[in-house]
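Student: return a 3D structure for these sequence lines:
(chains A and B)
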Amino acid sequence: MTLRLYDSLRRSVHDVEPLVPGRLGLYVCGPTVYGPIHVGNARPFVVAQTLARHLRRTGWEVRVVSNLTDINDKIYAAAQAEGIASVALAERESARYLDDTSRLGLGRPDVEPKVTDALPEIIAMIEGLIAGGHAYAADGDVYFRVADFPSYGALSGQRIDEMQPEEITSKKQAPLDFALWKAQKPGEDAAWESPWGLGRPGWHIECSAMAMSALGEEIDIHGGGIDLKFPHHENERAQSESITGRPFARTWLHNGMLRFGGDKMSKSLGNVDRLADALDREGAETLLSLFARAHYRSPLDYSPASLEDARKSNDRLREALRRAARVAGTTAPAAAGPLAATAAAVDARFRAALDDDFATPEALAALFELVRTLNAALDAGPADPADVAQARAVLVDCLDVLGLAGLAATADGPPAAAVALLQEREAARAARDFARADAIRDELQALGWVVQDLADGPELQPA
RNA sequence: GGCGACGUGGCCGAGUGGCUAGGCAGCGGCCUGCAAAGCCGUCCACACCAGUUCGAUUCUGGUCGUCGCCUCCA
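Tutor: Model (predicted):
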């Protein structure tokens, strides 16, 4: 099966043709670390990590690179507001970003470069741009000459003559020119040496430099939020292609925005839910399920109702896995029954859906088909344990791609007190004292355990 | 104002020129002491107006509306 992805530059879905057969390099723009990230910021991370999991499962060798921008105007501002050194603030927020995203349980990108570690590459690239006539130094600053890059605007669909840029700053030669290097300004407590004096890189150059450094001059896939398309990715493209004369990214991958209360979730609007808070409240699985429910390019509604839906669909998956585990035992996967056949078909459909522009909703639908078939088989009577084990294995395997394998985890058993109550309830039921039995069920509920009377006896599950 | 995306059933959310998306919720049934879980059946669609077509939710044009970008932004 061929991997197909939507390329923002070509504005269509196309077959992915890797630079090296069997291998894919993926660069995703990470955060500027000036404060805690919100749930929306997590979307590109989740898309990249889950896409990589799918690709690895289907035989690709994948290298994910995602940067931390730890030099930026906002970092100076935030540090000043707190009265601490900007370097200290960036380090603290970098660590916090790594902690927060790690809690999603999707692992880490293979490489996570920081701007502060990439100054030599950045400076070399700026020198190259100046040498090639694509950029010019001006009194400690360096600017990229946009007029020098004919296809500027092609990625974002902006036309240079239609753009209404801010008024020209004194050192720029043209309004659209953007900074590659900025001279240190008063109040900025950190600066780096360069051929143009003390200063720091502009916003866009670091991604070009770090992407090339980690993945080469041409990269397979470059991703990020769609709000980065302009100017960030447009500028990255201009810089990179000016210096190499080759396409920078073979596929530009952009995820849609998270909507919160009808608007894009963003720090500037203030309608944010911090990722750490959301993880505390909802847990990683609910958030990951929510992300998977919508196609990565679509806007995604983040609301109590959508979280509730995500939680409940996880419950359904968890319940099916639990039922299957009771029957499956430790049977070796040598199954060939009808359920195993369905499982195989669903696995194929799951992979095909993700290969087709990473259609997680369709992939999820395939899994629910297997859930329904599995439940029906379990309802129908004694099921072949090997078949059930096979179906369960496929479910777990597929869910793992989405970071949801934890739904198969067996919870810690109930405490002795709860077990005792359950036994008491069984005695009451045997005596047909249903009032007593129901009262005990309420007590168990209060302890956090739900009773289910199954065909082969009662079972306690975490509420 | 410019560029782009999109408008699907009670809600969320896929998809397709004629053939079941899926989840949640509702209704009926089975199972159950009851409940939960599950299964079966079922109601509720493709913003509006034209056009193309044997046939459009699916293509074309227009209208209205929503969202994103054009400034920091995942």
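Student: is stretch A:403-411 anywhere near RNA strand B?
Tutor: No - Stretch A:403-411 does not reach RNA strand B (Cβ under 7 Å from any atom of the strand); its nearest approach is 12.4 Å. Quick note: C-beta positions are derived from backbone N, CA and C, even for glycine.
Student: any idea of the mean pLDDT for that stretch?
Tutor: Averaged across stretch A:403-411, the pLDDT comes to 89.
Student: likewise stretch A:316-323?
Tutor: 93.
Student: for the helix or strand containing residue A:460, name the packing helices and strands.
Tutor: Using DSSP states H and E, residue A:460 sits within strand A:457-462. Strand A:457-462 sits against helix A:416-430, strand A:449-454, with contacts defined as 3 or more Cβ pairs under 8 Å, 6 or more residues apart in numbering; DSSP states H and E.
Student: was I right to think residue A:411 contacts residue A:463?
Tutor: No - Residue A:411 is beyond contact range of residue A:463, at 10.7 Å (criterion: Cβ atoms under 8 Å).
Student: where does the prediction get shaky in the stretch 1-150 of chain A?
Tutor: A:1 (pLDDT under 70).
Student: ok, which stretches of it are helices?
Tutor: A:39-57, A:73-82, A:86-102, A:119-131 (DSSP state H, counting those that start in this stretch).
Student: most packed of those?
Tutor: helix A:39-57 (a mean of 22; mean count of other Cβ atoms under 10 Å).
Student: could I get the helices and strands packed on strand A:457-462 as CSV with mean pLDDT?
Tutor: CSV is the format used below for the helices and strands packed on strand A:457-462 (pLDDT from 0 to 100):
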stretch, mean pLDDT
helix A:416-430, 92
strand A:449-454, 89
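Student: tell me which residue of chain A lies closest to RNA strand B.
Tutor: Per Cβ to the nearest atom of the strand, residue A:225 is where chain A lies closest to RNA strand B, at 1.9 Å.
Student: next up, the contacts around that residue.
Tutor: A:29, A:40, A:43, A:44, A:254, A:255, A:257 (Cβ atoms under 8 Å, 6 or more residues apart in numbering).
Student: can you list the low-confidence ranges for the stretch 251-400 of chain A?
Tutor: For the stretch 251-400 of chain A (pLDDT under 70), the answer is A:329-335.
Student: which parts of it are helices?
Tutor: Counting by DSSP H, counting those that start in this stretch, the helices of the stretch 251-400 of chain A are A:275-282, A:284-293, A:304-328, A:338-355, A:360-380, A:385-401.
Student: RNA strand B contacts on the stretch 301-450 of chain A?
Tutor: A:301, A:305-306, A:308-309, A:312-313, A:315-316, A:319-320, A:323, A:357, A:359, A:361-362, A:364-365, A:368-369, A:371-372, A:375-376, A:378-379, A:429, A:434, A:437-438, A:441, A:450.
Student: mark which of the residues you listed are buried, thanks.
Tutor: Neighbour-count burial (16 or more other Cβ atoms under 10 Å) is assigned, among these, to A:301, A:306, A:309, A:313, A:320, A:323, A:357, A:359, A:362, A:364, A:371, A:378, A:429, A:437, A:441.
Student: show me which of those residues is closest to residue A:23.
Tutor: Set against residue A:23, the nearest of those by Cβ to Cβ is residue A:357 (20.0 Å).
Student: before we move on, the earlier item: what lines up beside the strand holding residue A:460 in the sheet?
Tutor: strand A:449-454 (antiparallel) (DSSP bridges).
Student: what sits up against the partner strand?
Tutor: A:414, A:418, A:422, A:425, A:441, A:444, A:458, A:459, A:460, A:461, A:462, A:463.
Student: swap in 6 Å and give it another go.
Tutor: Contacts to strand A:449-454, defined as Cβ atoms under 6 Å, 6 or more residues apart in numbering, come from residues A:414, A:418, A:441, A:444, A:458, A:459, A:460, A:461, A:463.
Student: and stretch A:255-273, by the same measure?
Tutor: A:38-40, A:43-44, A:47, A:225-226, A:296-302.
Student: in those, find the pair that's most separated.
Tutor: Counting by Cβ to Cβ, the most remote pair of those is A:38 and A:297, 19.7 Å apart.
Student: ok, these two, which is more surrounded?
Tutor: residue A:38 (23 against 17; other Cβ atoms under 10 Å).
Student: give me the number of residues near the residue nearest to the more buried one when sequence neighbours are not counted?
Tutor: Leaving aside its sequence neighbours, residue A:38 sits nearest to residue A:272 (Cβ to Cβ, 6 or more residues apart in numbering; 3.9 Å). If you count neighbours by other Cβ under 10 Å, residue A:272 ends up with 21.
Student: look up how far residue A:266 lies from residue A:46.
Tutor: Distance of residue A:46 to residue A:266, given as Cβ to Cβ, to the nearest Å: 17 Å.
Student: contacting RNA strand B as well, which ones from the contacts of residue A:225?
Tutor: Applying Cβ under 7 Å from any atom of the strand to the contacts of residue A:225, those adjacent to RNA strand B are A:29, A:40, A:43, A:44, A:255, A:257.
Student: want to throw the residues you listed into a markdown table with distance to residue A:159?
Tutor: Below are those laid out as a markdown table (distance: Cβ to Cβ, whole Å):
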| residue | distance to residue A:159 |
| --- | --- |
| A:29 | 24 |
| A:40 | 29 |
| A:43 | 29 |
| A:44 | 27 |
| A:255 | 25 |
| A:257 | 23 |
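Student: list just the nearest of those to residue A:211.
Tutor: residue A:29 (9.1 Å).
Student: give me every residue that touches residue A:177.
Tutor: With Cβ under 6 Å, 6+ apart, residue A:177 has these contacts: A:143, A:145, A:146.
Student: count the neighbours of the closest residue to it other than its chain neighbours for me.
Tutor: Once flanking residues are discounted, residue A:177 sits nearest to residue A:143: 4.3 Å by Cβ to Cβ, 6+ apart. Counted with other Cβ under 10 Å, residues neighbouring residue A:143 total 25.
Student: who's residue A:143 bridged to?
Tutor: Here residue A:143, judged by DSSP bridges, has bridge partners residue A:136, residue A:179.
Student: measure it to residue A:152 for me?
Tutor: Counting by Cβ to Cβ - residue A:143 and residue A:152 are separated by 14 Å.
Student: same deal with residue A:203?
Tutor: From residue A:203 to residue A:152 the distance is 16 Å (Cβ to Cβ).
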